[in-house]
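1. model the structure of this input:
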Amino acid sequence: MKTIIISILIFTAVIAFAMGDRSSLTSFEKVNGFAPVGRPVYGVKIFNSDEEYNAFHRARAIINKNTQPFDYENFSLLVAYFGKAAGDSCIKVYRIDETEKSIVVYAEPTACSNEWYAPYVYYKIKKTDKPAKIIVK
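-> This is a model prediction of the structure:
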């Protein structure tokens with residue numbers, strides 16, 4: 001019995017330590033009007049200027065102009081995408097966390113619908129210079 005209790009305490013401490021540097025971003029707003037993402041694999045990217053955004057999209061950003069301006073002074077633009085490998089699946093982001101070193105996006109494939117209509121999604125998040133990574137369920 002003592003061994004089980006000690007094992008549970010150690011397991012709880014390890015989980016608390018592993019999750020201790022994470023905090024969920026309470027404010028992330030889905031935004032529309034940005035270029036489709038045509039990458040072959042899944043990923044995530046944060047932009048802090050039109051120059052970064054245009055470099056990521058290359059010619060596509062010139063052809064598909066944004067239909068709304070974005071406030072890069074006060075916010076960062078985050079795109080999460082499944083890419084062409086997703087097939088007919090769309091992306092659903094269900095959580096975005098911030099750690100000491102990065103922004104972590106949690107996503108899963110979902111059937112396309114009116115709410116989730118593409119294998120990519122853009123979010124307005126608080127201003128950050130941290131890199132981003134994606135964890136797909």
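2. when you work out contacts or count neighbours from here on, use the C-alpha atoms and nothing else.
-> Will do.
3. what segments of the chain are helices?
-> Taking DSSP state H, the helices of the chain run over residues 2-19, 50-57, 59-63.
4. among the ones you listed, which gets the worst mean confidence?
-> Among the helices of the chain, helix 2-19 has the lowest mean pLDDT, at a mean of 44.
5. residues in contact with the spatially most central residue of the chain?
-> For the chain, residue 105 is the residue whose C-alpha lies nearest the centre (C-alpha atoms, centre = their mean; 3.8 Å). Contacts for residue 105 (C-alpha atoms under 8 Å, 6 or more residues apart in numbering) come out as 44, 80, 93, 95-97, 132-135.
6. do that again at 6 Å, thanks
-> Applying C-alpha atoms under 6 Å, 6 or more residues apart in numbering, we find residue 105 in contact with 96, 134.
7. in the sheet, who's paired with it?
-> Beta-bridge partners recorded for residue 105 (DSSP bridges): residue 96, residue 134.
8. any stretches of this protein with poor pLDDT?
-> 1-27, 59-65 (pLDDT under 70).
9. now the strands for it?
-> 23-24, 28-31, 43-47, 75-81, 89-98, 103-111, 120-126, 132-136 (DSSP state E).
10. same for the last one, what does it pack against?
-> Contact here means 3 or more C-alpha pairs under 6 Å, 6 or more residues apart in numbering; DSSP states H and E; on that basis strand 132-136 packs against strand 103-111.
11. let's see 10 Å
-> strand 43-47, strand 75-81, strand 89-98, strand 103-111 (3 or more C-alpha pairs under 10 Å, 6 or more residues apart in numbering; DSSP states H and E).
12. by contact count, what packs against the longest one?
-> To tie it back to what came earlier, the one meant is strand 89-98. In terms of contacts (3+ C-alpha pairs under 10 Å, 6+ apart), strand 89-98 is packed against strand 23-24, strand 28-31, strand 75-81, strand 103-111, strand 120-126, strand 132-136.
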